[in-house]
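Asks: Structure for the following, please:
(2 chains)
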There are 2 protein chains.
Amino acid sequence: MRRNTCKKLEKPTGVITRKLRVLGKFSQWIAILAIASLPSMSSAQQPDAEYLVRQKQFGEQWAKEDQQVRDKLAALEEQYGKKPNIVFILADDIGYTELGTYGGGKVRGFSTPNLDKMAAEGMKFLSFYSEPACTPTRTALLTGRHPVRVGLLGVLFPGTAGMGLVDEEVTVAELLSKAGYSTGMFGKWHLGGEAEHYPTNQGFDEAEWSEGNPPWWGFNPDVKRTDNAGYTNMGGLVWSPAPENFPYDTGGIMRGNKGEKPQMVAPFSLELYNTYDTDVADAVIDFIERKANDEQPFFAYYAGKGNHFWGANPDFMNQPAGTNNSAQMAEHDYNVGRVLEKLKELGIAENTLVVWMSDNGPMYAMHPHGGYSLLRGEKGDTWEGAVRVPGIVWWPETIEAGQDPIDIVQVTDMFTTAASIAGVKKEIPIDRITDGVDQSALLLLGEGKSRRDYIFHYNKDKLEAVRKDQMKFRTEPEKPHHNFYNIYHDPGERHPDEVRYGLWSGPGFKKMIEDHKKMIERFPHRVQNSYQREFDYPFDPEN
Amino acid sequence: MRRNTCKKLEKPTGVITRKLRVLGKFSQWIAILAIASLPSMSSAQQPDAEYLVRQKQFGEQWAKEDQQVRDKLAALEEQYGKKPNIVFILADDIGYTELGTYGGGKVRGFSTPNLDKMAAEGMKFLSFYSEPACTPTRTALLTGRHPVRVGLLGVLFPGTAGMGLVDEEVTVAELLSKAGYSTGMFGKWHLGGEAEHYPTNQGFDEAEWSEGNPPWWGFNPDVKRTDNAGYTNMGGLVWSPAPENFPYDTGGIMRGNKGEKPQMVAPFSLELYNTYDTDVADAVIDFIERKANDEQPFFAYYAGKGNHFWGANPDFMNQPAGTNNSAQMAEHDYNVGRVLEKLKELGIAENTLVVWMSDNGPMYAMHPHGGYSLLRGEKGDTWEGAVRVPGIVWWPETIEAGQDPIDIVQVTDMFTTAASIAGVKKEIPIDRITDGVDQSALLLLGEGKSRRDYIFHYNKDKLEAVRKDQMKFRTEPEKPHHNFYNIYHDPGERHPDEVRYGLWSGPGFKKMIEDHKKMIERFPHRVQNSYQREFDYPFDPEN
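Replies: Below you'll find the predicted structure:
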């Protein structure tokens, strides 16, 4: 819809993109033939090389655990007459140290009682990792694949076209649909604005979404920046509602059902964004209420309001910190509490897995109105502050309360774990690498059961860091060499240690990376070539 | 004792020091006359100017709270037939984010179950502040005064003479003795090595102590540094046991009673230090057992082993992080657990206040074998990492379990609070400033009751930073100007904000500092002039 109102619409790379897609499919078939001899065929998906190393080592133990997990799930299905409901809640720009239960809360001038309670009633991950930014993490969550493999390298900014979640990718919503789930998506999509990318064309039966953040952000030279500690309007940083003669439509909230053309139900505005998280939570709760007593289970994806600069809900502005961020934290905490309470009230909490996580760490461009993390770095890099995020799973009586495993978990794992719990892991395509690891044993059997002790930290298309056990091997900005950090010794990544670990861990990492790259050769990344509508509006941030 | 074995003993400034002390006393009498008109006369001690501002504002409310506190304490004394026992546990170099309950624990590769439990059963402070280093915090804890007022500016290093806790200072042990308490001190003293400074001459009925860290640390050129990830012996960094021809005695553990000459009961050694925290805890537990059923209450001061580089107890080396620090954390946690369990076992937990805190943040010189903090800075400065420390108070049934106030508390407050709870606040001398604030209302009545919303952060004799409410006004290293940090918005002190807060908070801080300085003119700092025995041993860290 937005494309139609764009004055300078062109698709210069469209033909090339299509050719690359065809080529991509062809090379995938070659790759499928090539892996016939790999141990991965024993798995329901095609994992990365490092997983195969671990599978060789722990395969027998895992098989035993899998049986325990299956027994537990079978007993639950017997009890409730259907598979468990699944709810994904994706928070936006909340740093690792923000929730009370992670050492934040009052320390940061607000409180998060509902998320703290969720953690106390469930399992709080101490080593939960996202991708470095918004679109990449959403890609990873829904496809179980590092975004570099999907061709979605960074944040999709306003005006981007030719890029998004394409038909060929298989989303968790598509998998769960195959398992008979009703699926609904609510909130910030950020996986492309063309019809192919719509959530209702990516496995969701129904959706109410915004393409990115409503309103799109950027400098609006018509709004003077008058930030004298007034935090209700960060004027000058938004361009919606669009000024007259704005080069293209700033869009609005879309709503639709699978197979239908969606409608714009509300144009974006600053006012709309103020209560956006609450509005999204209302839609989620409405969906849950409608589906609670159905014969089939449901999958709800709640993508909340960003902890960004603007959009503080006036009802939550009474936090001691007095920032937009503190109001957003309080509002989102309240809404998560409402969802969990609703599940309890409907009597379905014990048959519902809720996963809550942040999409990445904070950004500081408009500090203190954005998020925060005591860890180094910020959204858009691969330091811990960008990618180590709070993450909680909750499933009363099935996930034992009060656990806080240090086990490494990555956002892609939520894809595979949801597929596993719904019994459709075998539907995950094997013609591509899926990075997600099945963590159902960790969730259902407890700490120490993570099947992952490694992460490949990509920033866009660059492999910037590799984690293995306690160690992180990484590139150093503006330095010619790599470095090692022991993340237990130095979670703040301030004391690189080449001497102590260089000798033994350097070659180990080198081998890991070589094997990882060999797998990419077999299963090449999808290539998407976006193009940007030209921005012809006067742009002068000093104005 | 150590002085007698020193080859180059001289006391060049001794006469001047004595003269300054006499002068100091004289000026104090003038000051007492001068303050007759100050509102401070309504208080039992002479507070700093900023406290008087708050007293004017909240005095009536405080008086009501004080009555509630007195009623509670009277009821307890009625019930138990004596005043409450008090235990101070001072941990060493444990950073703010180290305990599990503060976001550390497993995240740092060890666990602290007993301290986490203590916090859950008691009150965990989120804004507990120490002085920047070891000797200064010990001074503040025992005298209720910022160390700059006592003339103890920094860490007392080996060989220091002419400096320590002098007769004229009144310690919490002396105050509690007046209230009829049995008093015992165990562990690292670090407040001077001359007879005048001994704990047994500073109010403790009995003590078993080391002058500083056993063994004294420094480079020992006879021990090669061979740190290839072996962490049991950080060779090259210690000089005890002393090499042959070492210029002076490296000392040992002292034991004695009030009024008697103490004896050295064990010479320092690396082996001794390995189990030092456990040995100190044994002595504390022995003291508690002996005093539990006495008619009078007891005061025990447990000054634990440092989270330094050397001295890992082999029994606790099984932590995932594999560092000396992780073994020391596990050992200290175990010992705190033993003390609390002993109080429960003896049936006296409900009549015992236990205060646990760290003396300052970590130092990174031998990372990863020392402590850690995610906050900025390290021991010896006034960034949050140096002075914001974990602190817990525990008193079953009297301090409500599970509280975690954000209220600002400073180590000096423990002096005044202990005096208040023992009913001897009026014994605090009024001829000098006492910085400690009575926090018994916060402990007994709950969050929001701190009587302090400010701190003067001294580093040695330099006022480097001032805290008021959420804001910290501070000097910037290598910059000509001051800066402001909002500690709620930016606990990591990475985003100074001159624009937003400069206008309103600059003048406020200026006034606070002016009034603070005026009070110093009235009540001058004690001056102590130390001298250092010359170090003639070959010193070459590169060797």
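
Asks: where does the stretch 401-543 of chain A come near chain B, residue by residue?
Replies: Contact residues, the stretch 401-543 of chain A versus chain B (CB under 8 Å from any CB of the partner chain): A:404-406, A:470, A:486, A:488-492, A:494-495, A:497, A:500. No exception for glycine: its C-beta is placed from N, CA and C like everyone else's.

Asks: If any of these are buried, put those into a ChimeraX selection.
Replies: In ChimeraX syntax, the buried subset of these is picked out as below (16 or more other CB atoms under 10 Å in any protein chain shown):
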select /A:404,405,406,470,486,488,489,490,491,492,497,500
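
Asks: If we only consider the residues of the stretch 401-543 of chain A next to chain B, which is nearest to A:Asn257?
Replies: A:Pro405 (38.7 Å; CB to CB).

Asks: a helix runs through that closest one, doesn't it?
Replies: No: under DSSP: H, G, I helix; E, B strand; the rest coil, A:Pro405 falls outside any helix and is assigned coil.

Asks: Quick one: mean pLDDT over the longest helix seen in chain A.
Replies: Secondary structure assigned by DSSP state H gives helix A:49-80 as the longest helix of chain A. Throughout helix A:49-80, pLDDT has a mean value of 97.

Asks: ok, back up a step: can the residues of the stretch 401-543 of chain A next to chain B go into JSON lines with extra columns for pLDDT?
Replies: Converted to JSON lines, these look like this (pLDDT from 0 to 100):
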{"residue": "A:Asp404", "pLDDT": "98"}
{"residue": "A:Pro405", "pLDDT": "98"}
{"residue": "A:Ile406", "pLDDT": "98"}
{"residue": "A:Gln470", "pLDDT": "93"}
{"residue": "A:Asn486", "pLDDT": "92"}
{"residue": "A:Tyr488", "pLDDT": "96"}
{"residue": "A:His489", "pLDDT": "94"}
{"residue": "A:Asp490", "pLDDT": "96"}
{"residue": "A:Pro491", "pLDDT": "98"}
{"residue": "A:Gly492", "pLDDT": "97"}
{"residue": "A:Arg494", "pLDDT": "93"}
{"residue": "A:His495", "pLDDT": "89"}
{"residue": "A:Asp497", "pLDDT": "69"}
{"residue": "A:Arg500", "pLDDT": "48"}
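
Asks: What parts of the stretch 51-200 of chain A come near chain B?
Replies: Taking CB under 8 Å from any CB as the contact definition, the stretch 51-200 of chain A meets chain B at A:97, A:102-103, A:106-109, A:126-127.

Asks: Listing partners with orientation, what would you give for the next helix-or-strand element following the longest helix of chain A?
Replies: Using DSSP states H and E, the helix or strand that follows helix A:49-80 in sequence is strand A:85-92. Sheet pairing of strand A:85-92 (DSSP bridges) gives strand A:298-306 (parallel), strand A:352-358 (parallel).

Asks: Deepest in the core, which of these is it.
Replies: With neighbours defined as mean count of other CB atoms under 10 Å in any protein chain shown, these peak in mean count at strand A:298-306, which reaches a mean of 27.

Asks: Alpha carbons only: can I get that one in CSV?
Replies: Extracted in CSV, the C-alpha atoms of strand A:298-306 (Å, rounded to 0.1, in the frame of the first residue of the first chain):
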residue,chain,number,x,y,z
PHE,A,298,-3.1,-21.3,19.9
PHE,A,299,0.1,-19.5,19.2
ALA,A,300,0.2,-15.7,19.9
TYR,A,301,3.1,-13.4,19.0
TYR,A,302,3.0,-10.2,21.0
ALA,A,303,5.7,-7.8,19.7
GLY,A,304,5.5,-4.9,22.2
LYS,A,305,6.2,-1.2,22.0
GLY,A,306,9.8,-0.1,21.8
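
Asks: Report the distance from stretch A:325-332 to the chain centre.
Replies: On the basis of CA atoms, centre = their mean, to the nearest Å, stretch A:325-332 is displaced by 19 Å from the centre of the chain it belongs to.
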